[in-house]
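> I would like the atomic coordinates for the input below:
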Amino acid sequence: MEYYDGIKTSVSYQIVSQIKYIRTMKQAILITAYKDLDFLEKIVNFFDDDFSFFIHIDKKCKENTTGLSQLKNVYLFSKYHIEWGGSNHLMATLLLMREAYRRNEYAYFHLITGSDFP
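Got it, this is the predicted structure:
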């Protein structure tokens with residue numbers, strides 16, 4: 001047993017407290033995508049308001065981004081032409097990291113692609 005403010009606390013209580021704390025922390029999901037923006041909307045709508053989305057859409061993408069841009073907690077970028085295995089993919093990822101980090105709101109950062117469903 002450990003003591004918290006003079007009260008004995010069990011390990012299970014401490015774990016539950018930590019889980020509640022983690023659930024209230026804001027999280028940033030960083031996504032690089034090049035197509036199927038409707039699927040991206042499904043990903044965004046899957047999560048609650050504790051999550052924000054930083055999405056880089058390949059500059060070559062011709063799909064309409066209006067639906068995504070109107071969603072809450074979504075930040076869209078389209079700065080780079082992405083080639084598979086190219087350095088611009090890294091540059092897009094670093095852009096998303098920089099943008100999310102500079103807001104100083106997030107405890108966790110998750111990096112996925114536009115074709116992943118968590």
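
> only C-alpha atoms from now on, for both contacts and neighbour counts.
OK.

> could you pull up phi and psi at the most centrally placed residue in the chain?
The centre of the chain sits closest to residue 29, judged by Cα atoms, centre = their mean, with a distance of 0.8 Å. Here is the backbone geometry of residue 29 (degrees, to the nearest 10): phi -110, psi 120.

> my guess is it meets residue 112, correct?
Yes: at 7.3 Å, residue 29 and residue 112 qualify as touching, with contact defined as Cα atoms under 8 Å.

> just to revisit the earlier point, residues touching the residue nearest to the centre of the chain, list them.
Residue 29 sits next to 51-54, 109-112 when contact means Cα atoms under 8 Å, 6 or more residues apart in numbering.

> quick check: mean pLDDT of stretch 101-118?
Over the span of stretch 101-118, the pLDDT mean works out to 89.

> what's the first-to-last distance across it?
Taking Cα to Cα, to the nearest Å, stretch 101-118 runs 21 Å from one end to the other.

> and the residue nearest to the centre of the chain, how close does it get to residue 95?
Counting by Cα to Cα - residue 29 and residue 95 are separated by 13 Å.

> repeat that for residue 105.
With Cα to Cα as the criterion, residue 105 and residue 95 are 17 Å apart.

> of those two, which one has the most company?
residue 95 (19 against 13; other Cα atoms under 10 Å).

> where does residue 84 land on pLDDT?
The model's pLDDT for residue 84 equals 80.

> for residue 14, that is, sorry about that
At residue 14, pLDDT is 56.

> and what about residue 44, helix, strand or coil?
Under DSSP: H, G, I helix; E, B strand; the rest coil, the three-state class of residue 44 is helix.

> pretty sure residue 26 contacts residue 107?
Yes: counting by Cα under 8 Å, residue 107 is a contact partner of residue 26 at 6.0 Å.

> ok, the two, which is more surrounded?
Higher neighbour count among residue 26 and residue 107: residue 26, with 15 against 12, using other Cα under 10 Å.

> pull the contacting residues for the more buried one.
50-52, 105-108 are the contacts of residue 26 under Cα under 8 Å, 6+ apart.

> if we go to 10 Å?
49-52, 105-109 (Cα atoms under 10 Å, 6 or more residues apart in numbering).

> measure it to residue 106 for me?
From residue 26 over to residue 106 (counting by Cα to Cα), the distance is 5 Å.
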